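A.B. asks: Give me coordinates for this.
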Amino acid sequence: MKGILGTIFGLIFIVIVVLVGGAFFIVDESEQVVITKFGSPIGEPINTPGLKTKLPFIHTANYFDRRFLAWDGEPKQVSTRDKRFININTYARWRISDPLKYAQRLFDESKAQTRLGSILEGATQNAIANHDLIELVRSSNREYISQVGSVKDQTEKAIIERGRDALTKEILLLAQERTGDLGIEVLDFQFKRINYVSEVRKEVYERMISERKRIAEEFRSEGAGESARINGQKDRDLKVITSEAYRRSQEIKGKSDAEAADIYAAAYNKDPEFYRFMRTMEIFKETLDKETVLVLSTDGDFLRYLGSIK
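C.D. replies: Prediction:
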């Protein structure tokens, strides 16, 4: 009887030890586990989810995230190769690629974030310091298209040798190279924001204003030239129309005078005496008024016509 009770108490003690000592642990799909023995990693990392076992009190299960993690850099002020000071803000995505190496070198995510930040910020500053500002804000040599059409700056045309995309890739490759022995992998790196410092921003705004004024002046000049061309064409067309109308009116007037002369000639041939009388009356009507004193000859036609009236 005592042997049975001893066996039962022994089993109960083993169960209590197993439960209290944490012999079982669960691994989630988003986690990976490294087992440590008195703080030193042992064995291979556990990447498969499910119920796992370990030695109680001796082994410790250390959980690390398997998902993509975010790194968000602090805004920094850096100088480009052409001595332009700019404010930059960057971000990156990374993951724990080797949990065992990560546990040996970093172990804590906050420490990993700090180490990754120093690597990325150093690589970013080196890349920016070795290139001009135009390489950061543009990625190609395509022609700039504004809302009013294509604008070509003849005074300054920078040639983009690499561009921002190439610089971003350069920083990413350098960061991947430097983080390889830390058990982490940098998946992506991008510039969140690039902005001028206040002193440079003022200069840039002034250049933008002067450039827009130059473009506006070009359009005004083109408009004035087009206006002069239209007005000149209008004046030429008006002169052509006026001269054509004058020529046509003279032709009509000449034709009407000829027809009137023919009518007068026909009337004269039909009754010369009446025609002579009518022409004489018309002449005196046009030349005489109330103030005119007329001296007539006794053999004149007018006096003869007046006498014939009596």
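
A.B. asks: Just name the shakiest helix or strand of the chain by mean pLDDT.
C.D. replies: Within the chain, no helix or strand scores below strand 149-150, which has a mean of 46 by mean pLDDT, DSSP states H and E.

A.B. asks: ranges for the helices of the stretch 101-250 of the chain?
C.D. replies: With DSSP state H, counting those that start in this stretch as the criterion, the stretch 101-250 of the chain has helices at 109-129, 133-137, 164-178, 198-270.

A.B. asks: Pull out the buried residues from the shortest one.
C.D. replies: Put plainly, it is helix 133-137. Neighbour-count burial for helix 133-137 flags L133, I134, E135, L136 (criterion: 16 or more other Cβ atoms under 10 Å). C-beta coordinates here come from the backbone N, C-alpha and C atoms, glycine included.

A.B. asks: quick one: which of these is nearest I252?
C.D. replies: Closest approach to I252 among the buried residues of helix 133-137 (Cβ to Cβ): I134, at 73.4 Å.

A.B. asks: The closest one and T80: what is the separation?
C.D. replies: According to Cβ to Cβ, to the nearest Å, I134 and T80 sit 9 Å apart.

A.B. asks: picking up where we left off before, quickly compare the helices of the stretch 101-250 of the chain and say which is most buried.
C.D. replies: helix 133-137 (a mean of 19; mean count of other Cβ atoms under 10 Å).

A.B. asks: hmm, who's touching that helix?
C.D. replies: 80, 82, 84, 86, 128, 158, 160-164, 167, 191, 194 (Cβ atoms under 8 Å, 6 or more residues apart in numbering).

A.B. asks: pLDDT weak spots in the stretch 151-300 of the chain?
C.D. replies: 151-160, 294, 296, 298-300 (pLDDT under 70).

A.B. asks: For the helix or strand where M281 lies, C-alpha coordinates in PDB please.
C.D. replies: Using DSSP states H and E, M281 falls within helix 272-287. The C-alpha coordinates for helix 272-287 follow below in PDB (Å, rounded to 0.1, in the frame of the first residue of the first chain):
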ATOM      1  CA  PRO A 272     -32.500 119.900-129.400                       C
ATOM      2  CA  GLU A 273     -34.300 123.100-128.500                       C
ATOM      3  CA  PHE A 274     -36.000 121.700-125.400                       C
ATOM      4  CA  TYR A 275     -32.800 120.100-124.300                       C
ATOM      5  CA  ARG A 276     -31.000 123.400-124.700                       C
ATOM      6  CA  PHE A 277     -33.700 125.100-122.700                       C
ATOM      7  CA  MET A 278     -33.500 122.600-119.800                       C
ATOM      8  CA  ARG A 279     -29.700 122.700-119.600                       C
ATOM      9  CA  THR A 280     -29.800 126.500-119.500                       C
ATOM     10  CA  MET A 281     -32.400 126.500-116.700                       C
ATOM     11  CA  GLU A 282     -30.300 124.000-114.700                       C
ATOM     12  CA  ILE A 283     -27.200 126.100-115.100                       C
ATOM     13  CA  PHE A 284     -28.800 129.200-113.900                       C
ATOM     14  CA  LYS A 285     -30.400 127.400-111.000                       C
ATOM     15  CA  GLU A 286     -27.100 126.200-109.800                       C
ATOM     16  CA  THR A 287     -25.300 129.500-110.300                       C
END
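
A.B. asks: helices and strands around it, which ones?
C.D. replies: In terms of contacts (3 or more Cβ pairs under 8 Å, 6 or more residues apart in numbering; DSSP states H and E), helix 272-287 is packed against helix 198-270, helix 301-309.

A.B. asks: Let's have those helices in CSV, adding distance to V33.
C.D. replies: As requested, these are arranged in CSV below (distance: least, Cβ to Cβ, whole Å):
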stretch, distance to V33
helix 198-270, 50
helix 301-309, 144
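
A.B. asks: Which one of those lies nearest to F277?
C.D. replies: Closest approach to F277 among the helices and strands packed on helix 272-287 is made by helix 301-309 (6.1 Å; Cβ to Cβ).
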